[in-house]
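S.K.: Dropping a prediction and its sequence here:
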Amino acid sequence: MLKLEQLSFQVPADGTNLEIIDSVDLEIPTGSFTVITGPNGGGKSTLARLIMGIEKPTGGRILFKGEDITALSIPERAKRGIGYAFQQPPRFKGLTVRRLLSLAAGESLSKDACSAYLTAVGLDPDEYLNREMDASLSGGEAKRVEIATLMARRAELVIFDEPEAGIDLWSFSMLVESFRTLVGEDRRSVIVISHQERIMQLADTMVIIAGGKVCQSGTRDEILPKLLGEVDGRKEA
Amino acid sequence: MDRIDTQLLETIADLHEIPAGAYNIRKNGAGLSRRSTANIEIVPKTDKPGIDIIVAPGTKNESVHIPVILTETGLNDLVYNDFYIGEDADVLIVAGCGIHNAGDSDSQHDGIHTFHIGKNAHIRYIEKHYGEGDGKGGRILNPVTVVEQAEGAVCEMEMVQVRGVDSTVRTTTAELAADAKLIVTERLMTHGTQEARSDIEVRLNGNGASSQIVSRSVARDSSKQIFHPNAVGNAECRAHVQCDSIIMDDATVSSIPAITANCADAQIIHEAAIGRINNDQLIKLMTFGMTEEEAENVIIEGFLK
């Protein structure tokens, strides 16, 4: 589905070039749930932004369904089926949740369709459909709306940048459930950047990124126990 | 009425045909057609241009449309419209002015609107301003709105400048008696080299009076905007003034919200913000497949909605 070949991203700093992403090779199979984790500042979010086209790589290629999309813009990648959820969803004065869902879907959605997406993320449609996606929503509420827009987008590959950031415990449980739905019922490919063990438990594949490089990658069963420092004898939840 | 007339009327007053209820349509400085109803009387003034709109006490769920259109170049139209709203009435008033200037002289409409709103009456007033035409002549609108609200009167005003108005100076003043409530929502977009200025002064004179003034604007190209709302609390009252502007290109926006309390029990708040469209907002919409320009238009449309 997605293939990164020798992907690099440098930024100029103090007269030299700082390597944020350094020759990353990575393959994300169709229908997989991949969790990318690693220390803060290691380049995870940059990698997600490079895949969506928000940042332009300084080297390497990005292939999506066999097509080289390295030079494509954000909307061109969106049209080919890539979706992206923000760590901090932007707020819009005057844009209602319903309108945002329609914009995400690329068509005017019926009230029932919007309600279904909101219910799926644990928001009461009566209360939220006509609410504005502005600063009056809490972090958890905005995050749920963000995930609902990703569901409405029906993208084939969805990237979530630290979805757990800034949400309460109850929203977190819902988040885990929505990932199950996305991968299970909807058969999407999902990449999640996360530090949360409960999200890692859902992964088929895990990738650890540090210092701009892929340190380790493999199945959850290979990576997670090592990561948790319990190589032997750990009983998974 | 020709096609330009009907298009202007549709833009400024959502009118597709002759409106239900009372109406007065003014074109190029003269009355085009008029209708009074049993409860709403429209009387032409005899001492100066304009009309008196008299709404009988207790009138409920009726509407008055008083759109003005200018299609002749070089016209300077000054009109006085006085509204007398009877006690306990509840009506919708749709005003607005559309200018089509295809010539090289300025076309100007200055509407002086005075509202006398009786005890416990409620009005909703919608005013849209719009300009078009490819002549070099300016399209100028200088509305003056004077509001007097008796005890318990509620006035909701929605004042919108859609686009195409080259120069506007808006002056709004309001006097509120006890328990009266005024909500002003102003939405304005300027482009090209347009200039817009809006001065609003609300005086809350009676205990329990309240007011909310919300101004949202978008300034594009090299247009200029100045906002100067002032809420004056002369009694135990509440008021909130909010100015919010999106600035683009080489535009300039000046927001000068003012609050004045002449009574220790007045609670008045103001807030103002000017900023360009946030990059994350654009990116978010672009991840839905929109181009940057499409995303920008969606953000502006939502902001001014």
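M.R.: Looks like it arrived, so ask away.

S.K.: List the contacts of the residue in the stretch 101-250 of chain B that chain A sits nearest to.
M.R.: Distance from chain A to each residue of the stretch 101-250 of chain B (Cβ to the nearest Cβ) is smallest for residue B:244, at 7.0 Å. (Each C-beta comes from the backbone N, C-alpha and C, glycine too.) Listed by Cβ atoms under 8 Å, 6 or more residues apart in numbering or on different chains, the contact set of residue B:244 reads A:93, B:214, B:215, B:216, B:217, B:272, B:273, B:274, B:303.

S.K.: where do the strands sit along chain A?
M.R.: A:2-13, A:16-28, A:33-37, A:59-64, A:67-68, A:82-85, A:157-161, A:189-193, A:205-210, A:213-219 (DSSP state E).

S.K.: confidence score at the residue nearest to residue A:81 when sequence neighbours are not counted?
M.R.: In this structure, residue A:81 finds its nearest non-sequential neighbour in residue A:156, 3.8 Å apart by Cβ to Cβ, 6 or more residues apart in numbering or on different chains. Here the pLDDT value assigned to residue A:156 is 92.

S.K.: can you check residue A:87 too?
M.R.: 89.

S.K.: so who does residue A:204 touch?
M.R.: A:32, A:33, A:34, A:219, A:220 are the contacts of residue A:204 under Cβ under 8 Å, 6+ apart.

S.K.: My reading is that the residue of the stretch 101-250 of chain B closest to chain A lies in a helix. Confirm?
M.R.: No - the assignment for residue B:244, made by DSSP: H, G, I helix; E, B strand; the rest coil, is strand rather than a helix.

S.K.: I'd like the distance between it and residue A:70.
M.R.: Here residue B:244 is placed at a distance of 39 Å from residue A:70 (Cβ to Cβ, to the nearest Å).

S.K.: ok, back up a step: give me the buried subset of the contacts of residue B:244.
M.R.: Buried members of those, scored by 16 or more other Cβ atoms under 10 Å in any protein chain shown, are A:93, B:214, B:215, B:216, B:217, B:272, B:274, B:303.

S.K.: Just those: which are in strands?
M.R.: Going by DSSP E, the strands hold B:214, B:215, B:216, B:217, B:272, B:274 from the buried ones among the contacts of residue B:244.

S.K.: Of these, which are in range of chain A?
M.R.: Applying Cβ under 8 Å from any Cβ of the partner chain, the subset of these adjacent to chain A comprises residue B:216.

S.K.: Show me the two of the ones in strands among the buried ones among the contacts of residue B:244 that sit farthest apart.
M.R.: Checked with Cβ to Cβ, those reach their widest spread between B:214 and B:274, with 14.8 Å between them.

S.K.: Now flag whichever of the contacts of residue A:204 is closest to chain B.
M.R.: Comparing the contacts of residue A:204 against chain B with Cβ to the nearest Cβ places residue A:34 closest, at 18.8 Å.

S.K.: Please name the nearest non-neighbouring residue to that closest one.
M.R.: Residue A:34 sits nearest to residue A:205 (Cβ to Cβ, 6+ apart), 4.5 Å away.

S.K.: so who does that neighbour touch?
M.R.: A:28, A:29, A:32, A:33, A:34, A:35, A:217, A:218, A:219, A:220.

S.K.: What of residue B:194?
M.R.: B:165, B:166, B:167, B:168, B:223, B:224.

S.K.: Excluding sequence neighbours, find me the nearest residue to the first one.
M.R.: Taking Cβ to Cβ, 6+ apart, and ignoring the residues beside it in sequence, residue B:165 has residue B:131 as its nearest neighbour in space, at 4.6 Å.

S.K.: re earlier: quick one: which of the contacts of residue A:205 is nearest residue B:201?
M.R.: Closest to residue B:201, out of all of the contacts of residue A:205 and judged by Cβ to Cβ, is residue A:35, at 58.7 Å.

S.K.: Verify the stated contact: that closest one with residue A:199.
M.R.: Yes - the pair residue A:35 and residue A:199 qualifies as a contact (Cβ atoms under 8 Å) at a distance of 6.0 Å.

S.K.: list residues touching both of these two?
M.R.: Common neighbours of residue A:35 and residue A:199, counting by Cβ under 8 Å, 6+ apart, are residue A:192.

S.K.: okay, these two: which has more neighbours?
M.R.: The neighbour comparison of residue A:35 against residue A:199 (other Cβ atoms under 10 Å in any protein chain shown) goes to residue A:35, with 27 against 22.

S.K.: The residue lying closest to the more buried one once chain neighbours are set aside - how many residues pack around it?
M.R.: In space, and not counting its chain neighbours, residue A:35 is closest to residue A:203: 4.1 Å by Cβ to Cβ, 6+ apart. Neighbours of residue A:203 under the rule other Cβ under 10 Å: 25.

S.K.: what's the spacing between residue A:203 and residue A:215?
M.R.: Residue A:203 is 16 Å from residue A:215, by Cβ to Cβ.
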